[in-house]
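J.: Quick one, fold the following:
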Amino acid sequence: MTNKKPFEGIRIADFTWHLTGPFTTKHFSDLGAEVIIVESRRRPGWRRGAPRTGSNDQNCTSKLSVTLNTRDPRGLDLVKKLVAKSDIVVENFAGGAMKRMGLGYDVLKEIKPDIIMLSTSMQGQTGPYSSHPGSGHKLTALAGFSNILGWPDRKPAWIAAYTDFIAPRYAILALLAALEYRRRTGKGQYLDLSQYENGIQFMSPLVLDYVANKRVATRMGNNSAYAAPHNAYRCQGEDRWCAISVFNDEEWRSFCKVIGKPAMAANPKFGTLLARKENEEELDRLINEWTGKRSAEEVMNLMQAAGVAAGVVETGEDLMEKDPQLKHRGTFTELEYPGDVGKYRTQAGPHFLMSKYKYELKVAPLMGEHNEYVFKGLLGMPDEEFARLVKDGVID
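T.: Model prediction:
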């Protein structure tokens, strides 16, 4: 175990907002990088509201915050001075936004030739739709996920911003590769990441099915073409469920033993996957009769012990208060805001454990909390100039 943080010595100028961008840079800040959020009181980030902190609190842990009016040339000049002191610049505005602000990569590399810049926008920085604004809520539909979620007799499901939790993984890998490239060559580079293209990677099997067979995948509820049973089954208690999946004959035989009906494994109506698919509604009714007499946790544990995939359909209360695995892993961290906001728990860690380093989260910053540290300390701004820029609203 070491006290040295993995990204100690790396500084990131963070122009991100919403989910994808902050979620990308937080993994660097939590592991030791100095991540400085550049924001403005005139146009607060998404979900920013006093006295709460950054653009989605749990995605801004361990970061610093400065407030600048970049529409003022003096504010823009301060951004450029910060870039000169940074290793990485990250932004997730609509395509071309940073260039229109006068902060495109061509400008930044003149300031610092080895700078690494990541732009992670909806559809990339080039192409006919590159300037389209939006968020993962819309991109999830655009990438095709909504079309396959839901039931055949209903409209497509509009789910959470799924792609906002895919793209950061690619962004982090790209930044790590760029850091390694710079370490070996001394050169920076520009990373143009399309969240759209990241998302459709997960649609590859369906794309292949269309290319090979001209089949267009659509909604099929909880069913799977490759498994039966494959559903969420009602259990004891109010709105309690357990998901169960059986993919092969060995699992099917184990499943039948668990529910106390070993002979059903050879029943012609259910003995093969094809037969189970043809009689799936009847099979689901039989399973619901069995699960309805047991708790979701009991169903999961019995199935898991027999080698059958099963999991409780957990609620927020389950996740925060009851799940023994999450408690053991210390998944939820308690942080405390300054003032009268008090303590809160957040699932804001790096989502993995390291044998050589134990991370320590710090609460997300208040808006402009680190103005003096960055402008006076890091950039060497005299007190008089700082006071004047605050009065003029440049440091806002």
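
J.: Please, where are all the helices along the stretch 51-200 of the chain?
T.: Along the stretch 51-200 of the chain, counting by DSSP state H, counting those that start in this stretch, helices occupy 73-84, 97-100, 105-111, 136-142, 167-185, 195-200.

J.: worst average pLDDT in these?
T.: In terms of average pLDDT, helix 136-142 trails the rest of those, at a mean of 91.

J.: name the helices or strands packed onto that helix?
T.: Counting contacts by 3 or more CB pairs under 8 Å, 6 or more residues apart in numbering; DSSP states H and E, helix 136-142 is packed against helix 195-200. From N, CA and C alone the C-beta is placed, and that goes for glycine too.

J.: Run through who's touching the helix it packs on.
T.: Helix 195-200 has contacts (CB atoms under 8 Å, 6 or more residues apart in numbering) with 20, 120-124, 136, 139-140, 142-145, 162-164, 166-167, 170, 207.

J.: Buried ones among the residues you listed?
T.: Buried by 16 or more other CB atoms under 10 Å: 20, 120-124, 136, 139-140, 142-145, 162-164, 166-167, 170, out of the contacts of helix 195-200.

J.: Where in the protein is the helix or strand with the lowest mean pLDDT?
T.: The least trusted helix or strand in the chain, going by mean pLDDT, DSSP states H and E, turns out to be strand 342-346, with a mean of 79.

J.: Output that one as PDB, nothing but the C-alphas.
T.: Extracted in PDB, the C-alpha atoms of strand 342-346 (Å, rounded to 0.1, in the frame of the first residue of the first chain):
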ATOM      1  CA  GLY A 342     -24.700  17.800   6.300                       C
ATOM      2  CA  LYS A 343     -23.700  14.300   5.400                       C
ATOM      3  CA  TYR A 344     -24.800  12.300   2.400                       C
ATOM      4  CA  ARG A 345     -23.800   8.900   1.000                       C
ATOM      5  CA  THR A 346     -22.700   8.500  -2.600                       C
END
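
J.: Please name the residues that touch residue 294.
T.: Here residue 294 is in contact with 235-236, 302 (criterion: CB under 8 Å, 6+ apart).

J.: Report pLDDT for it.
T.: 98.

J.: mind checking how far it is from residue 264?
T.: 18 Å (CB to CB, to the nearest Å).

J.: Show me where the protein dips below the pLDDT cut-off.
T.: For the chain, residues meeting the criterion pLDDT under 70 lie at 1-2, 45-57, 339, 341, 347-348.

J.: roughly how far is stretch 142-154 from the heart of the chain?
T.: 21 Å (CA atoms, centre = their mean, to the nearest Å).

J.: Endpoint to endpoint, that stretch covers what distance?
T.: When the termini of stretch 142-154 are compared using CA to CA, to the nearest Å, they are 18 Å apart.

J.: ditto for stretch 86-99
T.: 18 Å.

J.: cool, stretch 84-94 as well?
T.: Stretch 84-94 end-to-end distance (CA to CA) = 24 Å.

J.: what does that stretch contact?
T.: Counting by CB under 8 Å, 6+ apart, residues outside stretch 84-94 touching it are 10-18, 20-21, 24-25, 28, 36, 83, 97-98, 103, 108, 111-112, 115-122, 131-134, 171, 175, 178-179, 378-379.

J.: Filter those residues down to the buried ones and hand me the PyMOL line.
T.: Buried subset of the contacts of stretch 84-94, written as a PyMOL selection, criterion 16+ other CB under 10 Å:
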select buried, resi 10+11+12+13+14+15+16+17+18+20+21+24+25+28+36+83+97+98+103+108+112+115+116+117+118+119+120+121+122+132+134+171+175+178+179+378
